[in-house]
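Colleague: for reference, the sequence and a predicted model appear below.
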Amino acid sequence: MFSDPIFLAALIGVVISLIIWCQAAIKLNGDSSEALEVPNQAMMSKIGFALGIVILYRVFINAGDLSIILLLGSIVTLIIWSIGQFANNKYLKTSGRSWFIPIFIIFVVRTFMYEPYQIPSGSMIPGLKVGDFILVNKHSYGLKLERTGKPFAMAKDPKFGDVVVFIPPHKKMPFVKRLIGKPGDKINYINKKLYINNKIIPQTFYKNDSNIDLYYEDFLDKKITVQHMRSRSANAPSEWIVPEGMYFAVGDNRDNSNDSRYWGFVPKDNFMGTADYIWMSWECWTCLPSFERAGKIQ
């Protein structure tokens, strides 16, 4: 993201606009009523807003993490607040404080606690459906500023059966899958059944619905529900050995999931966290949001 010249130019433009605005406010050295007459304030606000839109757009294009923008926003507003304190400028003190507190709180919650995410595909049906809004636990595997990279504190290893959220090597966007392989594990997929280190993961038929068969899968210390499509024939037997520092993740919708069986392993540093809760479902723009599926994710 910081190698993008458009992003950097817009960021520098915002900083310059803020410097000009602060200098004008300091020259007045008055109260908040005088601050309404800061020269070029309206123009600086429009320029800053336009550049802010450019920054957000480039973050989206580059699949960047908003946590970095929130951190920069926290630092900038803290500096404005500090300048106001040092210069005894009531307008800068009030403006800096009113912006710093909410931005910093959002930064802490989104970066180190929970990040909202909407399920875009049916790869985790029946547990997670298209339109489910989930909360991603950002501290499951340690604390980090960006989505990818090594944690700077509280580092933990992903566990079997976790519903993991990660950035795959081939695409710069979050994926949600079930973790079924750790470093050194041997994974086999034969006749729509998983084998881990030559031991089959037991399946118990649950129910069928038209073309769909649902099974309970005894996945070590938890029972999960997986889905098979009768119209999809079993693929040829496949085998993978998970390399050191890598993990293997598949969707619960086994016949309709783009996962490690097709594009490979997930590096340890690419995990964002775990999908812990569904807090809302919104299946289409013309539908009403629903809270019937709200609850902890299995």
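Modeller: Great, that's in hand.
Colleague: all the helices of the stretch 1-150 of the chain, residue numbers only.
Modeller: 5-28, 32-35, 41-61, 66-87, 90-108 (DSSP state H, counting those that start in this stretch).
Colleague: need the ones you listed in JSON lines with distance to G161, mean neighbour count and mean pLDDT, can you?
Modeller: Quick note: C-beta positions are derived from backbone N, CA and C, even for glycine. Formatted as JSON lines, the helices of the stretch 1-150 of the chain follow (distance: least, Cβ to Cβ, whole Å; neighbours: other Cβ atoms under 10 Å; pLDDT from 0 to 100):
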{"stretch": "helix 5-28", "distance to G161": "38", "mean neighbour count": "16", "mean pLDDT": "81"}
{"stretch": "helix 32-35", "distance to G161": "56", "mean neighbour count": "13", "mean pLDDT": "46"}
{"stretch": "helix 41-61", "distance to G161": "32", "mean neighbour count": "15", "mean pLDDT": "75"}
{"stretch": "helix 66-87", "distance to G161": "27", "mean neighbour count": "17", "mean pLDDT": "88"}
{"stretch": "helix 90-108", "distance to G161": "29", "mean neighbour count": "17", "mean pLDDT": "88"}
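Colleague: identify whichever of the ones you listed lies nearest to T286.
Modeller: Across the helices of the stretch 1-150 of the chain, T286 has its closest neighbour in helix 41-61 (24.5 Å, Cβ to Cβ).
Colleague: which other helices and strands does the closest one contact?
Modeller: Under the contact definition 3 or more Cβ pairs under 8 Å, 6 or more residues apart in numbering; DSSP states H and E, helix 41-61 sits against helix 5-28, helix 66-87.
Colleague: make a markdown table out of those and add distance to P102.
Modeller: Formatted as a markdown table, these follow (distance: least, Cβ to Cβ, whole Å):
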| stretch | distance to P102 |
| --- | --- |
| helix 5-28 | 18 |
| helix 66-87 | 9 |
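Colleague: between these, which gets nearest to Y57?
Modeller: Using Cβ to Cβ, those put helix 5-28 closest to Y57, at 8.7 Å.
Colleague: tilt between the closest one and helix 66-87?
Modeller: 20 degrees (axes from the mean of the first three to the mean of the last three Cα atoms, to 10 degrees).
Colleague: just checking, what packs against helix 5-28?
Modeller: Packed next to helix 5-28, using 3+ Cβ pairs under 8 Å, 6+ apart, are helix 32-35, helix 41-61, helix 66-87, helix 90-108.
Colleague: I'd like those as TSV, with distance to K296 appended.
Modeller: Output for the helices and strands packed on helix 5-28, formatted as TSV (distance: least, Cβ to Cβ, whole Å):
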stretch	distance to K296
helix 32-35	47
helix 41-61	30
helix 66-87	25
helix 90-108	23
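Colleague: between these, which one is nearest to R254?
Modeller: helix 41-61 (31.5 Å).
Colleague: quick one: the helices of the stretch 1-150 of the chain as JSON lines, columns for distance to K138 too.
Modeller: Compiled in JSON lines, the helices of the stretch 1-150 of the chain are given as follows (distance: least, Cβ to Cβ, whole Å):
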{"stretch": "helix 5-28", "distance to K138": "23"}
{"stretch": "helix 32-35", "distance to K138": "37"}
{"stretch": "helix 41-61", "distance to K138": "18"}
{"stretch": "helix 66-87", "distance to K138": "9"}
{"stretch": "helix 90-108", "distance to K138": "10"}
